Every structure is written in structure tokens, then in C-alpha cells.
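In: just a sequence and a predicted model for now, questions to come.
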Amino acid sequence: MKRILALAVLAVMMPSGSISHLDSNTPEVVARHQAMMFVGAQMRVLSQQARGAVPFNSEQANTSAAAIAVIALTFPHLFPEGSIVGENTDALESILENREDFKVKSEALGKAASDLSDIGSVEQLSSGLAALGQTCRSCHSLYRK
């Protein structure tokens with residue numbers, strides 16, 4: 001798990017060409033964007049396997065789920081007071097107004113991802129992925145433009 005945590009944090013912190021449009025924004029916005037993009041990439045790994053677009057790979061699926069669980073723990077800390085400003089953020093001010101709910105939803109994402117930590121079949125992945133996707137939607141529907 002420590003190796004996964006280190007890899008997840010490193011991947012989120014690495015500069016990416018996809019964030020060049022954020023150069024004029026704050027470090028918090030850039031960090032949030034990278035964290036969300038990383039989670040999105042891991043969700044794509046899981047959904048491609050669940051749909052059969054790529055062969056099921058238990059090790060890869062477990063690693064992606066574990067990485068999402070770790071990154072979810074950082075979400076509440078990526079929104080300090082005053083950081084939801086600028087044109088290049090999709091975050092709504094309601095995150096700051098409802099910090100506790102946002103934290104609960106971040107923890108729910110982490111738990112749903114942790115529940116997938118021992119994926120042994122594509123059926124198990126598909127079932128767990130539905131719950132994981134619902135946690136994403138529950139937060140995005142309230143806190144994302």
C-alpha cells in the first residue's frame with residue numbers, strides 16, 4: 001500500500017501537458033485539477049475493463065482502485081479558504097459552505113474505492129464500479145460547475 005500511495009502522490013504532482021491552461025491559476029487549482037484528472041484516468045482503467053474494452057486484469061484493477069482510495073483522502077485538503085476563484089476552476093463555492101458534507105462525500109469515494117481493493121472478477125468490478133461512480137456523481141452534482 002505504501003508503494004501505491006507513493007506512486008499516486010507522485011503521479012498527481014507530476015506536471016502534465018493537460019494542465020498548461022491552468023498556468024495562470026493558483027497552485028491549489030492546479031493540484032485539484034491534477035488529482036481529479038488522476039482519479040479520472042483510474043476510473044477509465046476500471047470502466048474499460050468492466051465494459052470488456054480491454055481484458056480484465058485483476059492486478060491493474062486493484063491498483064487503480066487503491067490509488068483512487070488514497071487520492072480521495074486528499075480532496076478535502078485541496079480546497080482551502082479563498083481558493084475557489086478564477087476562470088479555470090470547475091469547483092463551486094458551495095464546497096466551502098458545506099465543508100463537512102464535502103468531506104463525507106470524499107470519504108465515501110475512498111470507501112467505495114477501498115471496497116474494490118480485492119477485485120477478483122470482471123463481475124465484481126462491474127458491481128463495485130457502479131457504487132464508485134455513484135459517489136463521484138453525488139459530489140459532482142453539488143460541487144462542480
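Out: Yes, it's here.
In: CA atoms of stretch 102-113 as CSV?
Out: Taking Å, rounded to 0.1, in the frame of the first residue of the first chain, the C-alpha atoms of stretch 102-113 are listed here in CSV:
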residue,chain,number,x,y,z
PHE,A,102,-17.8,17.6,1.0
LYS,A,103,-15.5,15.7,3.4
VAL,A,104,-18.1,13.0,4.0
LYS,A,105,-18.5,12.6,0.2
SER,A,106,-14.7,12.4,-0.3
GLU,A,107,-14.6,9.7,2.4
ALA,A,108,-17.4,7.8,0.7
LEU,A,109,-15.4,7.9,-2.5
GLY,A,110,-12.4,6.5,-0.6
LYS,A,111,-14.5,3.8,1.0
ALA,A,112,-16.1,2.7,-2.3
ALA,A,113,-12.7,2.5,-3.9
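In: pull the residues that contact that stretch.
Out: 65-66, 68-70, 72-73, 75-76, 79, 95, 128, 131-132, 134-136, 138-139, 142-143 (Cβ atoms under 8 Å, 6 or more residues apart in numbering). Heads up, the C-betas are built off the backbone N, CA and C, glycines and all.
In: go again using 6 Å as the cut-off
Out: 65, 68-69, 72-73, 75-76, 95, 131-132, 135, 138-139 (Cβ atoms under 6 Å, 6 or more residues apart in numbering).
In: just put those in JSON lines and tack on secondary structure and pLDDT.
Out: Below are these laid out as JSON lines (DSSP: H, G, I helix; E, B strand; the rest coil; pLDDT from 0 to 100):
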{"residue": "A65", "secondary structure": "helix", "pLDDT": "97"}
{"residue": "I68", "secondary structure": "helix", "pLDDT": "97"}
{"residue": "A69", "secondary structure": "helix", "pLDDT": "97"}
{"residue": "A72", "secondary structure": "helix", "pLDDT": "97"}
{"residue": "L73", "secondary structure": "coil", "pLDDT": "95"}
{"residue": "F75", "secondary structure": "helix", "pLDDT": "95"}
{"residue": "P76", "secondary structure": "helix", "pLDDT": "94"}
{"residue": "I95", "secondary structure": "helix", "pLDDT": "93"}
{"residue": "A131", "secondary structure": "helix", "pLDDT": "93"}
{"residue": "L132", "secondary structure": "helix", "pLDDT": "96"}
{"residue": "T135", "secondary structure": "helix", "pLDDT": "96"}
{"residue": "S138", "secondary structure": "helix", "pLDDT": "96"}
{"residue": "C139", "secondary structure": "helix", "pLDDT": "94"}
